[in-house]
Structures are given as structure tokens and as C-alpha cells.
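J.: here is my input, please return the structure:
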Amino acid sequence: MQRREALTLLAGGSGLALLAGMGSLSLTREEALSIAQTLVGALWRTSWSEDVETVAQATGWVLGVLEKAPGLLKESKEGAQLAAEGHLIAAIAARHLVQPEERLRHLQQAEQYARLANDVLLQRALPYYQGYSYVWNLAPGMGGYEPQPAKALLCFQRGLTVKGEPASQTQDVGLFMGLAETYSLLREPKQAVKALMQAEKSYARVSPGEDPGYALADVNPPYRVPLARARVLLNLGRANEALSALEESQRLYQVHGQGGRGLADLQPKRMAVALALGDQDLFVEALQASVEGVQRSGSRYGRAEVKQLLRQGQARWPQVKQLEEWATQIGVSA
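T.: Next comes the predicted model:
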């Protein structure tokens with residue numbers, strides 16, 4: 001087997017763990033570009049299903065390959081583009097590893113490389129991910145990284161102003177979804193619903209095979225659109241409607257789901273809705289599914305979110321011994 005063929009084989013999902021532990025290799029500039037192309041594609045595909053720590057380690061290896069190749073990032077538009085995507089994948093992984101400063105650092109570096117590559121799709125995608133860094137609490141239960149919707153609003157608005165070809169309907173969907181969630185946090189229901197309707201109207205026109213920004217948009221697979229709607233409705237105090245949206249999201253997940261990371265995002269929202277509705281049975285069911293999801297994905301963020309919600313559930317239903325048993329199992333302190 002040739003050297004390049006061996007490295008390319010490692011880029012398959014099952015090879016990422018081995019690749020992450022290989023350390024440094026001496027590669028030519030051409031080899032570095034070829035291998036990075038294959039690996040970044042593999043990392044996008046596996047980031048939903050592989051253990052998030054493995055994805056983070058393998059992404060670090062890819063970025064190291066690109067950075068060590070002489071002149072590759074400064075002289076090659078394609079090299080800068082791959083570095084931007086690599087830092088974006090690393091930022092996604094950093095969120096699930098509860099590394100908020102690493103997430104923000106990787107997004108900043110991704111933006112620098114996207115400008116260097118003059119890549120319009122990446123320049124439009126990054127404000128979306130930056131915006132959600134301020135919509136989410138990046139460190140659940142720890143403090144210091146609570147949502148900052150005013151900052152998020154500026155990011156999503158900036159993303160919508162990025163012009164140029166190629167255009168991407170899917171990226172617009174994500175930015176409008178971000179606006180909807182931001183306005184719901186700002187307690188501006190009319191603006192939130194308007195942005196939500198714009199997002200869903202745009203999503204109905206999306207053609208995955210023809211949209212050049214589809215892979216970069218975080219609204220895929222399809223279950224993520226009703227999941228975002230549920231978050232908006234929950235923020236607006238419309239818990240019953242949020243539950244319906246989550247049920248739709250769960251149905252779509254069963255058809256289009258891509259591994260544990262999706263469950264780690266979806267199931268804790270069912271716990272939050274159960275708390276809002278005072279539905280003990282739903283809470284216990286969603287708790288079990290949430291624990292299974294975060295265990296499969298290795299998402300520390302999902303685990304922290306589940307622990308935070310479980311504490312709230314224990315406060316709400318202190319008599320339920322099943323919650324106490326779950327708390328012991330996943331290490332929730334009183």
C-alpha cells in the first residue's frame with residue numbers, strides 16, 4: 001500500500017481514533033493538502049456520530065499537518081479554506097467538551113483563514129456559529145458564560161449582510177433561526193416569531209444537492225429545524241407548542257438522525273419542556289434518553305446540561321426516588 005493510500009484509509013470514521021494518536025508526520029506540501037482534504041470531509045461526516053473527543057484530537061492533527069506544510073496556508077487559497085473548516089470543526093467539538101475559550105479562539109482563527117481564502121460561504125457561516133456562542137450558556141451549571149443575546153444579535157445580523165456568490169438558502173435559514181432564538185431571549189415575541197417564519201419559509205425551498213452551503217449550515221439534518229423552533233417557543237413561555245415541535249423533531253431524528261451528538265442536543269430540551277409543563281413522567285423518560293445520548297456522544301456539554309436540569313427536577317419533585325437514583329448514577333451532587 002502506498003504512503004498516501006494508507007493515510008487516506010485512516011481518514012475513514014473508524015480510523016480517526018488511531019489517526020488522532022499518531023503524532024507528527026513529515027509530509028510534503030502536496031501530501032498535506034491532499035490528506036487534509038480527505039480528513040476534513042471525513043471529520044464533517046463523523047462529527048455527528050463519533051466520540052467528540054476523538055473528533056477534537058483528529059482535527060488538531062489535521063490543523064497541525066496544514067500549519068507545518070511550508071507556505072501552504074499563506075500561499076494556497078485551498079489550504080486556508082481547509083484550515084478555516086478545521087478550526088470550525090474544532091470549535092464545534094470544543095462546545096461539547098465544555099471548553100468555551102477554546103471555542104471562541106477556534107472561531108476567531110477560522111474567521112481569519114476564511115478571509116484569507118476569500119471564501120464567501122465560510123464568511124457567512126461563521127457569524128452563525130459565533131452568534132450561538134452567545135445564545136447558549138457555554139458552561140452549564142458553572143457560571144461565567146451565560147447567554148448574551150445583544151452580542152448574538154449583532155453576529156446574526158452581520159451574517160445576513162455578507163453578500164457575494166455563491167448564495168446559500170440553508171445558511172440564511174440558520175441565521176434567521178439564530179435571530180429567532182435571540183429575539184426570544186430578548187423577550188421580543190413578535191420579532192422572534194417573524195424570524196422563525198422567515199427561517200421555516202426559507203427551509204421549505206432548500207435543495208440539499210444544489211445548495212453549496214448545505215454542509216456548513218448547522219440546521220442539518222432536518223430534525224434540527226423543529227428543534228430550534230422548540231427552543232424559541234420554550235423561551236417565549238409556549239411550552240405545549242414547544243413539546244409538539246420536539247415530537248416532530250424526534251420523529252425526524254428517527255429517520256435522519258446521525259448518532260449520539262444529536263440526542264445530546266434533542267433530549268435535554270424535552271427535560272426542559274417537562275419542567276415547564278410540570279410533567280413528571282415526561283421528565284423521567286427524557287432524562288433516561290438524555291443520559292443515553294450524552295454517553296454515546298461523549299458530549300460533556302450535554303452531560304453538564306442534563307445534570308443542571310436534573311437538579312431542577314429534584315427540586316420540583318423531591319419525593320421521586322427514581323430521580324435520586326439517576327443523580328447518583330451520573331454524579332449529581334445535592
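J.: now the helices for the stretch 51-200 of the chain?
T.: Counting by DSSP state H, counting those that start in this stretch, the stretch 51-200 of the chain forms helices over residues 52-68, 72-75, 77-96, 100-117, 120-135, 149-161, 169-185, 189-203, given from the N-terminal end onward.
J.: can you say which of these is packed in most?
T.: Per residue and on average, the most neighbours among the helices of the stretch 51-200 of the chain fall to helix 169-185, with a mean of 27 (mean count of other CB atoms under 10 Å). Bear in mind the C-beta positions are built from the backbone N, C-alpha and C, glycine included.
J.: that one packs against which elements?
T.: Applying 3 or more CB pairs under 8 Å, 6 or more residues apart in numbering; DSSP states H and E, one finds that helix 169-185 contacts helix 120-135, helix 149-161, helix 189-203, helix 224-235.
J.: CA atoms of that helix as PDB?
T.: Presented in PDB, the C-alpha positions along helix 169-185 are these (Å, rounded to 0.1, in the frame of the first residue of the first chain):
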ATOM      1  CA  GLN A 169     -30.500  29.300   1.200                       C
ATOM      2  CA  THR A 170     -29.600  26.900   4.000                       C
ATOM      3  CA  GLN A 171     -27.200  29.400   5.600                       C
ATOM      4  CA  ASP A 172     -30.000  32.000   5.600                       C
ATOM      5  CA  VAL A 173     -32.200  29.500   7.400                       C
ATOM      6  CA  GLY A 174     -29.600  29.100  10.100                       C
ATOM      7  CA  LEU A 175     -29.100  32.900  10.500                       C
ATOM      8  CA  PHE A 176     -32.900  33.500  10.700                       C
ATOM      9  CA  MET A 177     -33.200  30.700  13.300                       C
ATOM     10  CA  GLY A 178     -30.500  32.400  15.300                       C
ATOM     11  CA  LEU A 179     -32.300  35.700  15.100                       C
ATOM     12  CA  ALA A 180     -35.500  34.000  16.300                       C
ATOM     13  CA  GLU A 181     -33.800  32.400  19.300                       C
ATOM     14  CA  THR A 182     -32.000  35.700  20.100                       C
ATOM     15  CA  TYR A 183     -35.200  37.700  20.000                       C
ATOM     16  CA  SER A 184     -36.900  35.100  22.200                       C
ATOM     17  CA  LEU A 185     -34.200  35.600  24.800                       C
END
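J.: quick one, that helix and helix 149-161 angle?
T.: An angle of 160 degrees separates the directions of helix 169-185 and helix 149-161 when computed by axes from the mean of the first three to the mean of the last three CA atoms, to 10 degrees.
J.: okay, the angle between helix 169-185 and helix 224-235?
T.: For helix 169-185 against helix 224-235, the angle by the same axes, to 10 degrees is 10 degrees.
J.: could you report the pLDDT at Ile89?
T.: Model confidence at Ile89, given as pLDDT, is 93.
J.: the residue nearest the centre of the chain and Trp317, how far apart?
T.: Centroid-nearest residue in the chain: Ile92, 5.2 Å away (criterion: CA atoms, centre = their mean). Between Ile92 and Trp317 the computed distance is 34 Å (CB to CB, to the nearest Å).
J.: same question for Gln198.
T.: Separation of Gln198 from Trp317 (CB to CB): 39 Å.
J.: among the helices and strands packed on helix 169-185, which is nearest Trp44?
T.: Distances from Trp44 to each of the helices and strands packed on helix 169-185 were compared using CB to CB; the minimum, 12.1 Å, belongs to helix 120-135.
J.: and the nearest residue to Gly141 once chain neighbours are set aside, what helix or strand is that in?
T.: The shortest distance from Gly141 to any residue that is not its chain neighbour, by CB to CB, 6 or more residues apart in numbering, is 4.3 Å, and that residue is Gln308. Secondary-structure assignment from DSSP states H and E places Gln308 in helix 300-316.
J.: in that helix, what's buried?
T.: If you call a residue buried by 16 or more other CB atoms under 10 Å, then helix 300-316 has these buried ones: 300-311, 313-314.
J.: other SSEs contacting the helix or strand hosting Ala276?
T.: Assessed by DSSP H and E, Ala276 sits inside helix 260-277. Using 3+ CB pairs under 8 Å, 6+ apart, the elements in contact with helix 260-277 are helix 224-235, helix 239-256, helix 280-297, helix 300-316.
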